[in-house]
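K.L.:
With the sequence up front, the predicted model follows.
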Amino acid sequence: HSVRHNSSGTTPKEIRIESRTYKTDEWYNTPSSILDAIPRRLHLQPDHPLTITRKLIESRFPSHKTHNNLFPVVTTLQNFDSLGFPLDHVGRNRTDTYYVNKETVLRTHTSAHQADTFRNNESEGYLISADVYRRDAIDRSHYPVFHQMEGARTWDRQQAGRDGKSVAQVIWEDVAKLPKHDIAVEDPNPPFHIERNPLQSRHAPEEAEAIAAHLKRSLEDMVVTIFNTARGAANTAIPDEPLKVRWVEAYFPFTSPSWELEVFWQGDWLEVLGCGVVSQPILDTATVPERVGWAFGIGLERIAMLLYSIPDIRLFWSKDTRFLSQFSESKPIKRFVPFSKYPACLKDVSFWLRSSSSAAGGASSIHPPGTSSAATPPSSHAQSQYSAQPVIEKSGTHAGSPTKLSAATPTPTPRSTGTATLSTSTSPSASIAEGASENPIPPAAPVPAQAIFHENDVMEIAREVCGDVVEDVRLTDEFVHPKTGRKSMCYRINYRSLERTLTNEETNAMHERLRTLLVVRLGVELR
Ligand code: FA5
Ligand code: MG
């Protein structure tokens, strides 16, 4: 039978999200805890650190039109198709994205609004700040709801022509007007690369170069100004070491060439944004085919955590005045002073996965009823869920690679050749950027994940049982039984409230409930 996802234990026929009603279907997988987050709109709350961060960034793009209240429920057309996501992109899986029904999702990124905003063509530039939703890992820098700001700037080729100039000329004139900064920026990347980061067929090299120069200079200015603002404040959150930033090549289905900007922070390079030259077909769809330009998407929590030294992403959701009272829009930025750290309580849960043969008619939470998991021979995706790579790496298919704020993170490598599918990926997580275009088995239609176990399902059960009392969930052991071929996993749950000490009784009760739900929902066998 189908698996129930919401905490009441049943799938409602329709759901109401604020004033709108949606029919659900077998794709529905959005728990009530996620729906409850929708009205919070943290990026609009007065004196909230995300609001302050948003306004700081906005102040660096004064001519851009801001959109801060776009509704979070979007179509798969907006979130994926309009942006050129291939039908088999991992980001479309129900293991990664919250669906209301087959055609309706909670946006996984602010890029979902690109085509519509370009279509309105209200100004040469825009900024969209919004809550975004992703099924993902649980740790101190990941939360299933976070906030992004999308920015874009375009120029009109025809208008340039009417002014007797090439559009590249016009853009370079605008580059010259940008503020100068004096920090060292590492950028060893060629303006474009024929395989890894290609020039679009409709762009002259000098056009792409001008757009890239304007994009990179604008974003460098934004980052430098923000960090200098914080540094200049008393009791600064920023250590005295000089700011170091660098550009690395990236891949997104909706920009080319593409890059990510990384900031050196406490010994590691931390990814703060993705960006690139807007794919011309998106501007065609938006009925502005004569325009060319750039777009970026930045994580507001990432920037706020750096600015204030906020140690845990759950804190943004806190209603505790010991957190909220530390931030003010009218005062200089100050390092966040953590209130006392309450004790952690670590508990392990070990289980055997269902063997794939026993999956027929089974309790997979991934396949909508009626889609056959057992009947379909395992694809390379399915196999990759079980072999080669630790399954811990299967979380974060939306997020970019450097997702930890403190742990050492590998340097992202150019990813457009051969590293894009889950089965061959060498990066710790396949970004939303990483197209599955190299998938050796192109399906005819969007398909749910081919796997019968995905650790995002473990994460979601932990969230459902514990709410914000789970600090992280990590895979500590996995092995395959040499005789039976069955796979065993061990996850370690860190139970810790940010606001109080948990009692033994309540931690034990949560852990018991978690164990039960793992069996009921995922069909695993506890060890
Ligand atoms: C995107 O979401 C693209 N839409 C960005 C983009 C826009 C590219 C426009 C090109 C043009 P990505 O999944 O890497 O890309 O997320 C963008 C940023 O959001 C990351 O750099 C990071 O700062 C932030 N981010 C991503 N995942 C998380 C997460 N789980 N928690 C906190 N911040 C995150
Ligand atoms: Mg990324």
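P.N.:
Everything's here; your move. All values reported here derive from a predicted model rather than from experimental measurement. Numbers count the residues shown, from 1 in each chain. Ligands and ions are numbered 1, 2, ... in the order given.

K.L.:
I'd like the distance between residue 175 and residue 346.
P.N.:
Distance of residue 175 to residue 346, given as C-beta to C-beta, to the nearest Å: 52 Å. Backbone N, C-alpha and C define where each C-beta goes, glycine included.

K.L.:
When the two are compared, which one has more neighbours?
P.N.:
Between residue 175 and residue 346, residue 175 has the larger neighbour count (other C-beta atoms under 10 Å), namely 17 against 13.

K.L.:
Tell me which helix or strand that one sits in.
P.N.:
Assessed by DSSP states H and E, residue 175 sits inside helix 167-177.

K.L.:
One more: residue 123?
P.N.:
Counting by DSSP H and E, residue 123 is found in no helix or strand.

K.L.:
How confident is the prediction for the spatially closest residue to residue 139 that is not a sequence neighbour, by pLDDT?
P.N.:
Closest residue to residue 139 apart from its sequence neighbours, by C-beta to C-beta, 6 or more residues apart in numbering: residue 472 at 4.1 Å. On the pLDDT scale, residue 472 is placed at 94.

K.L.:
Neighbours of residue 472, how many?
P.N.:
Number of residues near residue 472 (other C-beta under 10 Å) recorded here: 20.

K.L.:
separation between it and residue 494?
P.N.:
From residue 472 across to residue 494, the span is 5 Å (C-beta to C-beta).

K.L.:
And for residue 203?
P.N.:
In terms of C-beta to C-beta, residue 203 sits 48 Å off from residue 494.

K.L.:
Compare those two and say which one has the larger neighbour count.
P.N.:
For the pair residue 203 and residue 494, the greater number of neighbours falls to residue 203 (21 against 18), based on other C-beta under 10 Å.

K.L.:
any idea how far the more buried one is from residue 278?
P.N.:
When residue 203 is compared with residue 278 (using C-beta to C-beta), they lie 10 Å apart.

K.L.:
And for residue 202?
P.N.:
Taking C-beta to C-beta, one finds residue 202 at 11 Å from residue 278.

K.L.:
and the two? which has more neighbours close in?
P.N.:
Neighbours around residue 202 and residue 278, counted as other C-beta under 10 Å, are more numerous at residue 278. The numbers are 25 against 13.

K.L.:
looking at this, residue 223 is in a helix?
P.N.:
Yes - checked against DSSP: H, G, I helix; E, B strand; the rest coil, residue 223 lies within a helix.

K.L.:
what sits against it?
P.N.:
Counting by C-beta atoms under 8 Å, 6 or more residues apart in numbering, residue 223 touches 243, 245, 261, 263, 272.

K.L.:
Provide a list of residues in contact with the nearest residue to residue 527 once chain neighbours are set aside.
P.N.:
Excluding its sequence neighbours, the residue lying closest to residue 527 (C-beta to C-beta, 6+ apart) is residue 350, at 4.2 Å. With contacts defined as C-beta under 8 Å, 6+ apart, residue 350 is in contact with 477, 488, 489, 490, 491, 526, 527.

K.L.:
Does the second one lie in a helix or a strand, and which?
P.N.:
In other words, residue 488. Element membership of residue 488, judged by DSSP H and E, is strand 487-495.

K.L.:
mind checking how far the helix or strand harbouring the residue nearest to residue 139 is from the chain centre?
P.N.:
Using DSSP H and E, residue 472 sits in strand 470-480. Remark: strand 470-480 is offset 21 Å from the chain centroid, using C-alpha atoms, centre = their mean, to the nearest Å.

K.L.:
That strand near ligand 1 at all?
P.N.:
No - counting by C-beta under 6 Å from any ligand atom, ligand 1 has no neighbours in strand 470-480; the shortest distance is 13.0 Å.

K.L.:
Any buried residues in that strand, and which?
P.N.:
Neighbour-count burial for strand 470-480 flags 470, 471, 472, 473, 475, 478 (criterion: 16 or more other C-beta atoms under 10 Å).

K.L.:
nearest to ligand 1, of the residues you listed?
P.N.:
Checking the buried residues of strand 470-480 against ligand 1 by C-beta to the nearest ligand atom gives residue 472 as the nearest, at 13.0 Å.

K.L.:
Hmm, that closest one is touching residue 143, no?
P.N.:
No - the pair residue 472 / residue 143 is not scored as a contact, 11.2 Å apart, by C-beta atoms under 8 Å.

K.L.:
Check which element follows the helix or strand of the chain with the lowest mean pLDDT along the chain.
P.N.:
For the chain, the helix or strand with the lowest mean confidence is helix 380-384, at a mean of 27 (criterion: mean pLDDT, DSSP states H and E). Counting by DSSP H and E, the next helix or strand C-terminal to helix 380-384 is helix 455-466.

K.L.:
quick one: contacts of stretch 332-347?
P.N.:
Residues outside stretch 332-347 that contact it (C-beta under 8 Å, 6+ apart) are 49, 52, 229-230, 232-237, 307-311, 315, 320, 322-323, 326, 471, 492-502, 504, 507, 511.

K.L.:
out of these, which are inside strands?
P.N.:
Under the assignment DSSP state E, these contribute 471, 492, 493, 494, 495 to strands.

K.L.:
Mean confidence (pLDDT) on the helix or strand that the helix holding residue 175 is followed by, please.
P.N.:
Using DSSP H and E, the helix or strand that follows helix 167-177 in sequence is strand 185-186. What strand 185-186 shows for mean pLDDT is 94.

K.L.:
Which other helices and strands does strand 185-186 contact?
P.N.:
On a contact count with 3 or more C-beta pairs under 8 Å, 6 or more residues apart in numbering; DSSP states H and E, strand 185-186 meets strand 245-252.

K.L.:
wait, does the helix or strand just after the strand it packs on contact ligand 2?
P.N.:
For strand 245-252, the following helix or strand on the C-terminal side (DSSP H and E) is strand 255-265. No - Strand 255-265 lies apart from ligand 2 when judged by C-beta under 5 Å from the ion; the minimum separation is 5.9 Å.

K.L.:
what helices or strands is strand 255-265 leaning on?
P.N.:
Under the contact definition 3+ C-beta pairs under 8 Å, 6+ apart, strand 255-265 sits against helix 205-232, strand 245-252, strand 268-278.

K.L.:
again, 6 Å this time
P.N.:
Secondary-structure packing of strand 255-265 (3 or more C-beta pairs under 6 Å, 6 or more residues apart in numbering; DSSP states H and E): strand 245-252, strand 268-278.

K.L.:
Just after the last one, pick out the following helix or strand.
P.N.:
If I follow you right, that is strand 268-278. Past strand 268-278, further along toward the C-terminus, the next helix or strand under DSSP H and E is helix 280-285.

K.L.:
burial count for residue 51?
P.N.:
22.

K.L.:
make that residue 76, sorry
P.N.:
Using other C-beta under 10 Å, the number of residues around residue 76 comes to 20.

K.L.:
Please shift the residue numbers so they start at 52 in all later answers.
P.N.:
All right, first residue 52 from here; so that's residue 127.

K.L.:
count of neighbours near residue 241?
P.N.:
Residue 241: 11 surrounding residues under other C-beta under 10 Å.

K.L.:
Give me the secondary structure label for the residue of the chain most remote from its centre.
P.N.:
Centroid-distance maximum for the chain: residue 215 at 42.1 Å, with C-alpha atoms, centre = their mean. Under three-state DSSP, residue 215 falls in the coil class.

K.L.:
how far away is it from residue 258?
P.N.:
Residue 215 sits 17 Å away from residue 258, going by C-beta to C-beta.

K.L.:
repeat for residue 514
P.N.:
Distance of residue 514 to residue 258, computed by C-beta to C-beta: 46 Å.

K.L.:
Check residue 126 too.
P.N.:
Distance from residue 126 to residue 258, by C-beta to C-beta: 31 Å.
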